[in-house]
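Trainee: Build me a structure from this.
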Amino acid sequence: MQKLLLILLTLVAATSAQTVKFQLLSTVGHTVPTAANATTDSFNVGAALKIDLSKKYFIRPFFTIGAVRPEIAKPKLTPVLQGCVVAGLKFNRLFGVVVGGGVTDLMPSNKPNAYLPTLIVATTWRLTKNLGFFPGFSRTSRGTSPTAQIAYTFLK
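Mentor: Just a heads-up that it's a prediction; the model follows:
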């Protein structure tokens, strides 16, 4: 139901938006755990839509696939899927902020999947006409992760 609502919101916003741009992205992160969870590193790749709602506001739904690697004696990669939507505010043509959330799906081989609600807070930096940098934080029940995402925008 949540996925359907997310898709519906994206389609409604895209049809009323001034511009919609496609982005390819890559994200790295390092989780500082809560409780007894292991510290992990993550790497994801994916795609996003940047949907301008006005000159200052936009939304950015994105989906990534990747892996997390715990920092333990014999680390084993765990596949991960992530689907999120962030809302953004541009302060000028080079800088802005985004806040939003979604779901992170951890898929360990020997346990049931863990669906983790995810909060995202980041800044946005336009490096070139096509390249953006998004340093920020994500938070789940497993921990807080400083993250860095780089995205290439395909212009019309």
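
Trainee: Would you mark the buried spots in stretch 60-72?
Mentor: Within stretch 60-72, the residues scored as buried using 16 or more other C-beta atoms under 10 Å are R60, P61, F62, F63, T64, G66, A67, V68, P70. Backbone N, C-alpha and C define where each C-beta goes, glycine included.

Trainee: How about stretch 22-41?
Mentor: Q23, L25, T27, G29, T31, T40.

Trainee: Which members of those are positioned in strands?
Mentor: Using DSSP state E, the members of the buried residues of stretch 22-41 that fall within strands are Q23, L25, T27, G29, T31, T40.

Trainee: Let's have those in TSV, adding distance to T128 and pLDDT.
Mentor: Formatted as TSV, those follow (distance: C-beta to C-beta, whole Å; pLDDT from 0 to 100):
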residue	distance to T128	pLDDT
Q23	13	93
L25	15	93
T27	19	92
G29	23	90
T31	30	84
T40	31	85
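
Trainee: This structure: helices as residue ranges?
Mentor: All helices of the chain, identified by DSSP state H, fall at 2-16.

Trainee: now the strands for it?
Mentor: Using DSSP E, strands in the chain cover 19-33, 40-52, 57-70, 78-90, 95-106, 114-126, 131-140, 143-154.

Trainee: So in that sheet, which strands flank the fifth one, and in what orientation?
Mentor: The reference is to strand 95-106. Partners of strand 95-106 in the sheet, by DSSP bridges, are strand 78-90 (antiparallel), strand 114-126 (antiparallel).

Trainee: CSV please, covering the buried residues of stretch 22-41 and showing distance to L155.
Mentor: Output for these, formatted as CSV (distance: C-beta to C-beta, whole Å):
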residue, distance to L155
Q23, 10
L25, 15
T27, 22
G29, 27
T31, 34
T40, 35
